[in-house]
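A.B. asks: Fold the following and give me the result.
(chains A and B)
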There are 2 protein chains.
Amino acid sequence: MDAQPDAPVDTKAAYLKDLLGAGLLIDTGVPGVYGRSGVFEDVITRFEATVTAAGEGQAEVMRFPPGMNRAHFARSGYMKSFPQLAGAVHSFCGDSHAHNDLLQAIEGGQDWTGGLTGTDVVLTPATCYPLYPAVAARGVLPSDGGLYDLQSYCFRHEPSNDPARMQLFRQREYVRIGSPDQVLEFRQLWLQRGQALINRVGLPYQLEIASDPFFGRGGKLMAMAQREQQLKFELLVPITSVEQPTACLSFNYHQDHFGQTWGIATDDGSVAHTACVGFGLERIALALFKHHGLDVKAWPASVREALWG
Amino acid sequence: MDAQPDAPVDTKAAYLKDLLGAGLLIDTGVPGVYGRSGVFEDVITRFEATVTAAGEGQAEVMRFPPGMNRAHFARSGYMKSFPQLAGAVHSFCGDSHAHNDLLQAIEGGQDWTGGLTGTDVVLTPATCYPLYPAVAARGVLPSDGGLYDLQSYCFRHEPSNDPARMQLFRQREYVRIGSPDQVLEFRQLWLQRGQALINRVGLPYQLEIASDPFFGRGGKLMAMAQREQQLKFELLVPITSVEQPTACLSFNYHQDHFGQTWGIATDDGSVAHTACVGFGLERIALALFKHHGLDVKAWPASVREALWG
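C.D. replies: Predicted structure coming up:
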């Protein structure tokens, strides 16, 4: 993509205002944390049904909650690559005396979170993170590897007035675990299926080689390497900016990163490779409302047919 | 309920083991944090459909994410009553130097959460907490008050080997906001509807006056007052113990607590009262698997008919 001037910030703020005004999103006072209306949810439910249909019932369905094991999270390397995005869950573990102090801090309008203690739970940063240790715990993979269908809320600490950059949002994912050939074939298949799904709901898009937002100086090198090896593709749809379209789907080849980390073995004793396709469900809904209008009843017949059949 | 000896702890552990063994729940290494199989999720989806049908489409559907505004949470009084259950989200806000320290702590197997900072987000403790400030922001209620249909993941910090006491679980709720008469009529209606729903899926139950787990010494007085005023009823189903059945539904009258806190006014200028009915979705699924067996295909025809039609 050519270098372009930043889109004016207020195209994002303006779209957010439209969504709040139409009642599709509900303000909570925290940027990136919104309630959803029944209509918004229905669009996501219906889009997910098309993703389910495309999966042809071949994947094992698993649903993890929005929080995961803190030790697993640390072992996954997330804090190495994306520390700025993580969310750890802290709780009050004190006695009555500490409780009084805490209530006084709240009453005085002070920060009351300093006395809390880290728990064993962190928020899930991407839907597939809890999967790998669960698959590893089952032992050696069957000869055809594994294929999993996941969905969960994820958290990323990046407050923004861009409605397409929420702190709490859902990803739907299919994950393939097996030999390099198996997982690359899976990624190729979903590159086609993903484009077909987005075509059917009438959204413009472009497909690009991409990289993750790795932290710090060393992160730039990691991002370059990721691009050079074409480990990540993104399907981008213009939502609040044509020049800076938003990644709505991503197609990721992790090589043996998770297989090594969790000791996942294929049936011939090799370290398993993994790949996933992720659908950013809120982003897809936001793109649909942007391109087809805030009133779903007025959406093009072909789009309504694709979603509500 | 008569005083009874505690149920042996291992009836809970034994049922958890059964659920994990059958693949209905998936271990994550943290007590109370589990993945769910597709079958487990389908039972919840189908039960929710019966709740939706019972609501007759009269409620406004809203879906909040599993986290909410920290300031709203503090203002709600949750930290006063239930500080031990709360979960606040903390994030890393440091520079490269602090990042190196953090990675060293992880590598050395030390607690790495001490250097994190409280964010504006806390985990939702009960599905209706984000609703009240959102309703307040709309201004005076219409003359017939408000009726809302909610569902979200909730967090409570109470690690346990009882599968019916999860740290991350979902509540489905209907909430009524209006005059005392309106909200008490709502609660009475749902006391009937809730029992009818549980009857239809073939679960034994008892209805009891109940109280919340208020913190500390003062908490006992609050719990007594709550019982005396019959503010909370619970529908209890035996899951891991007959003597100590599990609350699967609760029917709560908050009087004007949330109306006062958020300044919610009825159309005649009075402070609004609120009531809610909450369905503990995982608990209901666990009760169904306990009473009808771990194989849904072998469930009684009447139960299958009620859920899958």
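A.B. asks: what about the strands in the stretch 151-300 of chain A?
C.D. replies: Here the stretch 151-300 of chain A has its strands, by DSSP state E, counting those that start in this stretch, at A:168-178, A:206-209, A:232-237, A:246-255, A:273-280.
A.B. asks: Name the stretch among those that sits most buried.
C.D. replies: Highest mean neighbour count of those: strand A:273-280, a mean of 25 (counted as mean count of other Cβ atoms under 10 Å in any protein chain shown). (C-beta placed from N, C-alpha, C; glycine too.)
A.B. asks: Is it positioned near chain B?
C.D. replies: No: between strand A:273-280 and chain B, judged by Cβ under 8 Å from any Cβ of the partner chain, nothing touches; the nearest distance is 14.2 Å.
A.B. asks: Ok, stretch A:251-260 next?
C.D. replies: No: using Cβ under 8 Å from any Cβ, stretch A:251-260 never reaches chain B; the gap is at least 15.5 Å.
A.B. asks: Please list the residues of the stretch 151-300 of chain A that sit near chain B.
C.D. replies: Neighbours of chain B within the stretch 151-300 of chain A, by Cβ under 8 Å from any Cβ: A:Tyr153, A:Phe155, A:His157, A:Pro159, A:Gln167, A:Leu168, A:Phe169, A:Phe215, A:Gly216, A:Arg217.
A.B. asks: buried subset of those residues?
C.D. replies: A:Tyr153, A:Phe155, A:His157, A:Gln167, A:Leu168, A:Phe169, A:Phe215 (16 or more other Cβ atoms under 10 Å in any protein chain shown).
A.B. asks: Can I get those residues in a markdown table including pLDDT?
C.D. replies: Output for those, formatted as a markdown table (pLDDT from 0 to 100):
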| residue | pLDDT |
| --- | --- |
| A:Tyr153 | 98 |
| A:Phe155 | 98 |
| A:His157 | 98 |
| A:Gln167 | 98 |
| A:Leu168 | 98 |
| A:Phe169 | 98 |
| A:Phe215 | 93 |
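A.B. asks: Go through those residues and flag which are in helices.
C.D. replies: Using DSSP state H, no member of those sits in helices.
A.B. asks: Looking at these, which is nearest B:Ser250?
C.D. replies: A:Tyr153 (23.6 Å; Cβ to Cβ).
A.B. asks: what's near enough to touch that closest one?
C.D. replies: Taking Cβ atoms under 8 Å, 6 or more residues apart in numbering or on different chains, we find A:Tyr153 in contact with A:Pro66, A:Thr124, A:Leu168, A:Phe169, A:Arg170, B:Pro65, B:Pro66, B:Tyr153.
A.B. asks: Farthest-apart pair in those residues, please.
C.D. replies: Using Cβ to Cβ, those reach their maximum pairwise distance at A:Phe169 and B:Tyr153, which is 13.4 Å.
A.B. asks: Once you drop chain neighbours, what's closest to the residue most central in space within chain A?
C.D. replies: The centroid of chain A falls nearest to A:Gln171 when counting by Cα atoms, centre = their mean (4.2 Å). Take A:Gln171 and drop its neighbours on the chain: the residue closest to it by Cβ to Cβ, 6 or more residues apart in numbering or on different chains is A:Thr127, 4.1 Å away.
A.B. asks: Next one: the one you found from chain B, what distance?
C.D. replies: 11 Å (Cβ to the nearest Cβ, to the nearest Å).
A.B. asks: go on, A:Asn161?
C.D. replies: Counting by Cβ to the nearest Cβ, the gap from A:Asn161 to chain B is 14 Å.
A.B. asks: same thing with A:Leu307?
C.D. replies: Distance from A:Leu307 to chain B, counting by Cβ to the nearest Cβ: 17 Å.
A.B. asks: I'd like to know how many residues surround A:Ser96.
C.D. replies: 10 (other Cβ atoms under 10 Å in any protein chain shown).
A.B. asks: hang on, it packs against B:Gln84?
C.D. replies: No: A:Ser96 is beyond contact range of B:Gln84, at 11.2 Å (criterion: Cβ atoms under 8 Å).
A.B. asks: which helices and strands sit right next to the helix or strand containing A:Tyr34?
C.D. replies: A:Tyr34 is part of strand A:33-37, with elements assigned from DSSP states H and E. Other helices and strands packing on strand A:33-37, by 3 or more Cβ pairs under 8 Å, 6 or more residues apart in numbering or on different chains; DSSP states H and E, are strand A:25-30, strand B:60-63, strand B:67-69.
A.B. asks: Comparing the ones you listed, which stretch has the densest surroundings?
C.D. replies: strand B:67-69 (a mean of 27).
A.B. asks: That one - contacts with which helices or strands?
C.D. replies: For strand B:67-69, the packing partners by 3+ Cβ pairs under 8 Å, 6+ apart are strand A:25-30, strand A:33-37, strand B:117-123.
A.B. asks: Output these in CSV, with distance to B:Ile177 and mean pLDDT appended to each entry.
C.D. replies: Shown next, in CSV, are the helices and strands packed on strand B:67-69 (distance: least, Cβ to Cβ, whole Å; pLDDT from 0 to 100):
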stretch, distance to B:Ile177, mean pLDDT
strand A:25-30, 15, 98
strand A:33-37, 15, 98
strand B:117-123, 22, 98
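A.B. asks: how about those in a markdown table, adding distance to B:Gln192?
C.D. replies: Formatted as a markdown table, these follow (distance: least, Cβ to Cβ, whole Å):
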| stretch | distance to B:Gln192 |
| --- | --- |
| strand A:25-30 | 30 |
| strand A:33-37 | 29 |
| strand B:117-123 | 32 |
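A.B. asks: For B:Ala306, which of the ones you listed is the nearest?
C.D. replies: For B:Ala306, the closest of the helices and strands packed on strand B:67-69 is strand A:33-37, at 28.6 Å, according to Cβ to Cβ.
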